[in-house]
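Engineer: Here is my input, please return the structure:
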Amino acid sequence: MNLPGAVQELCYHFLSLAPKGLVTGLYLTGGTGFGEWIEGQSDVDFVATLTHRPSDGEVEQLRQAHEQLVAFSPIDFDGMHVLVSDLASDPRKLPPVPVVLHREFRIGHLDPLVAWHELARHGVTVTGPQLSTLGIWTDSHVLRAYTVDNLDTYWRTITGHLATSSANAPQAELDYACCWCVLGVARLHHLIVTGEMTTKSGAGRWGLSYYDGRWHRVLREALRLREGGHPEYDNQASRLRDTTDFAAYVVDAGTSRRIAPPTE
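Structural biologist: This is a model prediction of the structure:
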């Protein structure tokens, strides 16, 4: 895959800053892995493989490398630093590792279950052994159950917060809420219904053919906020109401026992 120039530049700059001899591979997930990286919207999601668990000194060097990336590029470089052997194991057993999210470096976890499946199905090799040779652990039933639980816990809570939001909030906050929530829940529902992973935009386009027509306006608006185009709404209260109602509908639909898991 030919990476966008800004993505390639960011990756190679990270490799130049990382402790010498520590990184054995750099792999990309998220929208980049699906060939759908949108400049000004997308971040870069990565998994870096290491020769060994980093020492305290090497962790500090990794921290400094990511701090220098912040000064180098406006693009968020989010991901984790693991061993190749971790990729072949159940990610639910992964110990805390160096991770970075929204430019915050820490020791912890970043959805390794999702990352393992994205690597195995759609990952991009920047440097290191090809992903197909690494024996990456996957389990479609575990992934589906995790996704249903994510809708039922995290996203149900977010939907509750949306219901108490004000249409008088700053425009940027309302735009973000519409794009992130509408496409976020649709993306998870897409996996539950089809068994396949997709991007935020891919989920929005799928939703236009899957969901009832009453939801198409807010889906088009969410896609417009991500990709550009003409606004679908001239009333913020109406858009916020549709965003809230759609998110609540998808959470309920995605967690319903009436939805059978996809066949293998």
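Engineer: show me where this protein has strands.
Structural biologist: With strands called from DSSP state E, the chain shows them at 23-29, 44-50, 77-83, 97-101, 104-108, 124-127.
Engineer: name the helices or strands packed onto the shortest one?
Structural biologist: Identification of packing neighbours for strand 124-127 by 3 or more Cβ pairs under 8 Å, 6 or more residues apart in numbering; DSSP states H and E yields helix 5-17, strand 23-29. Where you see a C-beta, it was placed from the backbone N, CA and C, and this is true even at glycine.
Engineer: Need the winner for burial among the strands of the chain.
Structural biologist: Most buried of those, by mean neighbour count (mean count of other Cβ atoms under 10 Å): strand 44-50, with a mean of 24.
Engineer: quick check: mean pLDDT across stretch 201-218?
Structural biologist: For stretch 201-218, the mean per-residue pLDDT is 97.
Engineer: Now do the buried residues in it.
Structural biologist: 201-207, 211, 215, 218 (16 or more other Cβ atoms under 10 Å).
Engineer: Stretch 54-64 too?
Structural biologist: For stretch 54-64, burial by neighbour count (16+ other Cβ under 10 Å) applies to 54, 58-59, 61-62.
Engineer: now swap in stretch 129-148 and tell me
Structural biologist: The neighbour-count check on stretch 129-148 (16+ other Cβ under 10 Å) flags 131, 134, 136-137, 143-144, 146-148 as buried.
Engineer: what sits up against it?
Structural biologist: With contact meaning Cβ atoms under 8 Å, 6 or more residues apart in numbering, stretch 129-148 is reached by 24-25, 27, 84, 87-91, 113-114, 116-117, 119-121, 123, 125, 188, 191-192, 195, 254-255, 261-262, 264.
Engineer: of the residues you listed, buried ones?
Structural biologist: 25, 27, 84, 87, 89, 91, 113-114, 116-117, 119-121, 123, 125, 188, 191-192, 254-255.
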